[in-house]
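A.B. asks: can't give you the sequence, but here's the structure:
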């Protein structure tokens, strides 16, 4: 490019969304999938052709047709409608548990980096212990410990069970980011000005770890949806009659491999697509927000 | 090297003690209703007296600190106690199921590593091309498709295309290798896909990092064949971080097995864990959690020692 072709004025500030779409086409596609899923979740009442709980013995195990786009299950319930309603369950649990887990993790990480010394040692030791478990094993232990407590139709303990394994993983990443911010002159300045610890943590350090926080938050929505599906599949998560994708694959669904494979295919595809979209979006967001890691 | 090894072994102990303390108190937040589940689970009408007697027999009526002391002393002498449900020793319950799960884990590892290395390398070398995009989608797919659903898809395909399902009973590999492999290769594939995806992504990013190093430029500048630059100079160094991921994912395979064993109806460690959780069998849960943590810690130790072997700089710091 010749020098003359350079614009004389300051470069115009482009919209961040457009910029993101141009740089990360796969990220843009995944964002569209997420938006569609959110619409299905928010407007389930209008989007679903049938009531997800309606039992219809006249059309048990019906194959996919124009009446039932994805067929029906062993109780004659419309699978397409149950998948639309299931996206509400998945999104509510995915968002809240990832939000709770990532936020607690981020606060722990920043505090750990800010205070250093003994506090840092203890928090890191605790994080190390929690990291010794695969996510689902830790969640199952929490399920065993807490059992059920339903609030607004959502099992809060299930949300904690999914949020707790997220905490140490976010804490570790955020701590690493916060360590480099802790040595910045403006943190020293804030301290010299006599601000309280909590003010420095929340007003000066936390805003600077927003990028890793957002990336982890998105990526862990994917993990949370996957985990909710696995727990429901095992019969230890969401329970009947609430429509949930993992639940649709559990129980007697496996008895109909031959007669009604659509009972297996569509809910599983829904889980995979949702988790895939959030994973891909998180991945693209990382590349976009943090060019250092761009590989 | 010996000092380094001993130091690392000593570091394992506080983590394991921490896990033991944490899991004990977590499970005792709500005191044991294993007895209720066991005796009243089927809607049976059992008197409060019987329940109290059973609790007494299991030692659940004693003060928490006494139970805690027993648990810690038991751990120190490698006695994990008896299952509250079956009354058999926890070690025995785990032992009879270990072989199956361990074999699936090994097979999944072999499968994952064999595919991940060429996949990750190709993606890194063809960075930004359509091949790279395809690998990216395939690997994110591996992170997204639940292993239990993948297992179900395998079953449906076997049934549709071959009208055949894998055998249900477990035969050890030294008794009948063919019967054994035809049963266990499918769960290994189901959990191996995710494993493979994680490793391939790691290899891709670490290879890209290594390719930017000065010594790669030097090797190219002095006229080394590109193939040799990749295989001798780049890939060898890129595999080091991959070893960590391979190790940790191996230790975490139990997570995949928890759900996958359910699909294939395999009586392994994962199935036992789910059963013990749904039955509130606290001693069994505690014992399995300790086993899982121990596997993780030992695998980490092995990874660190391998690092020290491959990279002498670590030994001397």
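C.D. replies: That came in fine, so what should we check first? Nothing here was measured: the structure is a model prediction, and the numbers come from that model. Numbering: from 1, shown residues only, chains lettered A, B, ... in the order given.
A.B. asks: Who's the closest spatial neighbour of residue B:19, skipping the chain neighbours?
C.D. replies: Residue nearest to residue B:19 in three dimensions, not counting chain neighbours: residue B:293, with 4.3 Å by C-beta to C-beta, 6 or more residues apart in numbering or on different chains. Where you see a C-beta, it was placed from the backbone N, CA and C, and this is true even at glycine.
A.B. asks: and the one you found, how many neighbours?
C.D. replies: By the criterion of other C-beta atoms under 10 Å in any protein chain shown, residue B:293 has 23 neighbours.
A.B. asks: tell me the phi and psi of the closest residue to chain B within the stretch 101-250 of chain A?
C.D. replies: Nearest residue of the stretch 101-250 of chain A to chain B (C-beta to the nearest C-beta) works out as residue A:134 at 2.9 Å. As for residue A:134, its main-chain torsions (degrees, to the nearest 10) stand at phi -60, psi 150.
A.B. asks: and it, what does it touch?
C.D. replies: B:251, B:252, B:254, B:255, B:256, B:258, B:292 (C-beta atoms under 8 Å, 6 or more residues apart in numbering or on different chains).
A.B. asks: Redo these as TSV? Include pLDDT, distance to chain A and secondary structure.
C.D. replies: Listed next are the contacts of residue A:134 as TSV, based on pLDDT from 0 to 100; distance: C-beta to the nearest C-beta, whole Å; DSSP: H, G, I helix; E, B strand; the rest coil:
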residue	pLDDT	distance to chain A	secondary structure
B:251	88	8	helix
B:252	88	4	coil
B:254	85	6	helix
B:255	83	3	helix
B:256	86	8	helix
B:258	89	6	helix
B:292	89	6	helix
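A.B. asks: Widest-spaced pair of these?
C.D. replies: B:251 and B:258 (13.6 Å; C-beta to C-beta).
A.B. asks: higher neighbour count, those two?
C.D. replies: residue B:258 (28 against 24).
A.B. asks: contacting residues around the one helix or strand residue A:121 maps to?
C.D. replies: Using DSSP states H and E, residue A:121 sits within helix A:117-131. Contacting residues not belonging to helix A:117-131 are listed as A:108, A:111-113, A:138, A:164-165, A:167-169, A:171-172, A:175, B:14-15, B:18-19, B:22 [C-beta under 8 Å, 6+ apart].
A.B. asks: Does the helix or strand just after that helix pack against any helices or strands, and if so which?
C.D. replies: Next along the chain after helix A:117-131, taking DSSP H and E as the criterion, comes helix A:135-146. If you count contacts as 3 or more C-beta pairs under 8 Å, 6 or more residues apart in numbering or on different chains; DSSP states H and E, helix A:135-146 packs onto helix A:156-163, helix A:210-233, helix B:2-27, helix B:253-263, helix B:269-278, helix B:282-310.
A.B. asks: The first one vs helix A:210-233, what angle?
C.D. replies: With axes from the mean of the first three to the mean of the last three C-alpha atoms, to 10 degrees defining the directions, helix A:156-163 sits at 120 degrees from helix A:210-233.
A.B. asks: ok, now the longest one?
C.D. replies: With the same axes, to 10 degrees applied, the angle from helix B:282-310 to helix A:210-233 works out at 130 degrees.
A.B. asks: where's residue B:81 relative to residue A:110, distance?
C.D. replies: Residue B:81 is 40 Å from residue A:110, where distance means C-beta to C-beta, to the nearest Å.
A.B. asks: Looking at these two, which one has more neighbours?
C.D. replies: residue A:110 (26 against 19).
A.B. asks: Show the contacting residues for the nearest residue to residue B:71 once chain neighbours are set aside.
C.D. replies: The spatially closest residue to residue B:71, leaving aside those adjacent along the chain, is residue B:24, at 5.5 Å (C-beta to C-beta, 6+ apart). If a contact means C-beta under 8 Å, 6+ apart, then residue B:24 has B:68, B:71, B:286 as its contacts.
A.B. asks: Are any of the residues you listed buried, and if so which?
C.D. replies: Buried subset of these (neighbour count, 16 or more other C-beta atoms under 10 Å in any protein chain shown): B:71, B:286.
A.B. asks: Reformat the contacts of residue B:24 as a markdown table; add distance to residue B:237.
C.D. replies: Compiled in a markdown table, the contacts of residue B:24 are given as follows (distance: C-beta to C-beta, whole Å):
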| residue | distance to residue B:237 |
| --- | --- |
| B:68 | 47 |
| B:71 | 45 |
| B:286 | 42 |
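A.B. asks: Could you export the contacts of residue B:24 as TSV, including pLDDT and distance to residue A:221?
C.D. replies: Formatted as TSV, the contacts of residue B:24 follow (pLDDT from 0 to 100; distance: C-beta to C-beta, whole Å):
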residue	pLDDT	distance to residue A:221
B:68	82	37
B:71	82	37
B:286	87	31
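A.B. asks: List just the nearest of the contacts of residue B:24 to chain A.
C.D. replies: In terms of C-beta to the nearest C-beta, no member of those lies closer to chain A than residue B:286, at 9.3 Å.
A.B. asks: Which residues are in contact with the closest one?
C.D. replies: B:20, B:23, B:24, B:27, B:71, B:80, B:81, B:90.
A.B. asks: Up against chain A, what does the stretch 201-317 of chain B have?
C.D. replies: B:204-205, B:208-209, B:251-252, B:254-256, B:258-259, B:262-263, B:273-274, B:276-278, B:280, B:282, B:285, B:289, B:292-293, B:296-297 (C-beta under 8 Å from any C-beta of the partner chain).
A.B. asks: Now do the phi/psi pair for residue A:78.
C.D. replies: phi -70, psi 120.
A.B. asks: Revised request: answer the last question for residue B:230.
C.D. replies: phi -70, psi -50.
A.B. asks: Disregarding flanking residues, what is the spatial nearest neighbour of residue 89?
C.D. replies: With no chain named, the answer covers chain A. residue A:244 (4.5 Å).
A.B. asks: Please refer instead to chain B.
C.D. replies: residue B:82 is the one closest to residue B:89 (C-beta to C-beta, 6+ apart), at 5.5 Å.
A.B. asks: The one you found against residue B:93, yeah?
C.D. replies: No: when contacts are counted by C-beta atoms under 8 Å, residue B:82 is not listed as touching residue B:93 (9.0 Å).
A.B. asks: Between these two, tell me which one has more neighbours.
C.D. replies: residue B:93 (24 against 19).
A.B. asks: tell me which element the more buried one is part of?
C.D. replies: Going by DSSP H and E, residue B:93 is in helix B:90-125.
A.B. asks: and after that helix, which helix or strand comes next?
C.D. replies: Next in line after helix B:90-125, if elements are assigned by DSSP H and E, sits helix B:130-144.
A.B. asks: now the helix or strand just after that following helix against helix B:130-144, angle please.
C.D. replies: Using DSSP H and E, the helix or strand that follows helix B:130-144 in sequence is helix B:147-157. Using the same axes, to 10 degrees, the direction of helix B:147-157 lies 100 degrees away from that of helix B:130-144.
A.B. asks: packing partners for helix B:147-157?
C.D. replies: Here helix B:147-157 touches helix A:262-289, helix B:177-211, helix B:253-263, going by 3+ C-beta pairs under 8 Å, 6+ apart.
A.B. asks: And the second one, what's buried?
C.D. replies: The neighbour-count check on helix B:177-211 (16+ other C-beta under 10 Å) flags B:179-181, B:183-208, B:210-211 as buried.
A.B. asks: Give me the below-cutoff pLDDT ranges for the chain.
C.D. replies: All of this is about chain A. Low-confidence segments of chain A (pLDDT under 70): A:1-14, A:147-154, A:290-295.
A.B. asks: nope, chain B please
C.D. replies: B:29-45, B:314-317.
A.B. asks: can you tell me how far the nearest residue to residue B:295 once chain neighbours are set aside sits from residue A:282?
C.D. replies: Nearest non-adjacent residue to residue B:295, counting by C-beta to C-beta, 6+ apart: residue B:251, 5.2 Å away. Remark: distance between residue B:251 and residue A:282 (C-beta to C-beta) = 24 Å.
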